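Student: the following block contains a protein sequence and its predicted model.
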2 protein chains.
Amino acid sequence: MENAVECSIEKALNIIGGGKWSFLVLRELFEGTKRFGELQKAINNISPKALTDTLRHLERNEIVIRTAYPTVPVTVEYSLSEKGHALHKILKEMKLWGGLNGRNIRGCLNSFCNIFNVNEPFFMGKR
Amino acid sequence: MENAVECSIEKALNIIGGGKWSFLVLRELFEGTKRFGELQKAINNISPKALTDTLRHLERNEIVIRTAYPTVPVTVEYSLSEKGHALHKILKEMKLWGGLNGRNIRGCLNSFCNIFNVNEPFFMGKR
DNA sequence: TTTAGCTAGTATAAAATTTATAGTAACTAT
DNA sequence: ATAGTTACTATAAATTTTATACTAGCTAAA
């Protein structure tokens, strides 16, 4: 277990989270404070467990702040810490790139697949 | 299977790859053209299968260009396409953030775990 | 002429992670 | 009493990732 050397990109990735949902949770929280149910509705196909795990991970890494209010039933709000807000530039560049380079590619590949009757090549695995 | 709506961030993430290795492969390729063996050596703990899968994925999405030379044994080089180069800004911001916010956190948490004898809280799962 | 070594991978099974599904507490509203 | 709310947890099943060994097609050394 030699974790000695770790570049800044690895550091960032490890803190943000290896999971595939972190960036999408962050995307939602950049819009402002949100509740569990709102996040679940906004993020397509995320399971409550995956959401809980992602939020806990981000919380432990001081990116997300969890605030529980003693209402009935309990109300829990999630927001970004300062460190979390600092991630905005990454997301911004990602959005820019996705907007410029992501156009129709998925649709094209899906069409390709349909026409030639081959496996969906877009993701590395099945969904 | 409704893939109808997809924000730019999702587009970017889907193209870059859900896998946990894509960003690290990209990091290496920003340094210039590299070969399979070089990438494997440079990226800690990546298995040849994971590397192959990641490279194929990036290739299919036109981010990485694979060039095979008919030498003996065969020589294969991987480099970034123009679209791949355009990802540089994302990586740059990630590196910046990681440099500023990633310092010692892992070490601190590991120490915390040792002292209080709790599970490693840094990753979402076990490694 | 066996032996080992190289590159760029595959094949397979085992391990780990992620998902789906159902269920929980502790209430409120009807 | 019944259904509905929120923020989750538990469990097993499905999927993904990893480890391990193996391949082709050569070269270079002993």
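Tutor: Noted; the coordinates are in hand.
Student: show me how far stretch A:42-57 is from its chain's centre.
Tutor: 9 Å (CA atoms, centre = their mean, to the nearest Å).
Student: mean confidence score for it?
Tutor: Stretch A:42-57 carries an average pLDDT of 94.
Student: okay, buried residues for that stretch please.
Tutor: Neighbour-count burial for stretch A:42-57, with 16 or more other CB atoms under 10 Å in any protein chain shown as criterion, is recorded at A:I43, A:I46, A:A50, A:L51, A:D53, A:T54, A:L55, A:H57. C-beta: built from backbone N, CA, C; applies to glycine.
Student: redo the residues you listed as CSV? Include secondary structure and distance to DNA strand D.
Tutor: Shown next, in CSV, are those (DSSP: H, G, I helix; E, B strand; the rest coil; distance: CB to the nearest atom of the strand, whole Å):
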residue, secondary structure, distance to DNA strand D
A:I43, coil, 14
A:I46, coil, 11
A:A50, helix, 9
A:L51, helix, 8
A:D53, helix, 8
A:T54, helix, 11
A:L55, helix, 7
A:H57, helix, 12
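Student: those residues also near DNA strand C: which ones?
Tutor: A:I46, A:A50, A:D53 (CB under 7 Å from any atom of the strand).
Student: let me have these in JSON lines, extended by distance to B:E77.
Tutor: Converted to JSON lines, these look like this (distance: CB to CB, whole Å):
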{"residue": "A:I46", "distance to B:E77": "39"}
{"residue": "A:A50", "distance to B:E77": "38"}
{"residue": "A:D53", "distance to B:E77": "39"}
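Student: check the residues you listed one by one and keep those near chain B.
Tutor: Near chain B, taking CB under 8 Å from any CB of the partner chain as the test, the members of those found are A:D53.
Student: closest to B:I15 out of the ones next to DNA strand C among the buried residues of stretch A:42-57?
Tutor: In terms of CB to CB, no member of these lies closer to B:I15 than A:I46, at 19.8 Å.
Student: separation between the closest one and B:K11?
Tutor: Distance, A:I46 to B:K11, using CB to CB, to the nearest Å: 17 Å.
Student: does A:I63 touch A:G84 like I think?
Tutor: Yes - using CB atoms under 8 Å, A:I63 makes contact with A:G84 at a distance of 4.0 Å.
Student: okay, and the common contacts of those two?
Tutor: Both A:I63 and A:G84 are contacted by A:L26, under the criterion CB atoms under 8 Å, 6 or more residues apart in numbering or on different chains.
Student: neighbour count for these two, which is higher?
Tutor: The neighbour comparison of A:I63 against A:G84 (other CB atoms under 10 Å in any protein chain shown) goes to A:I63, with 25 against 21.
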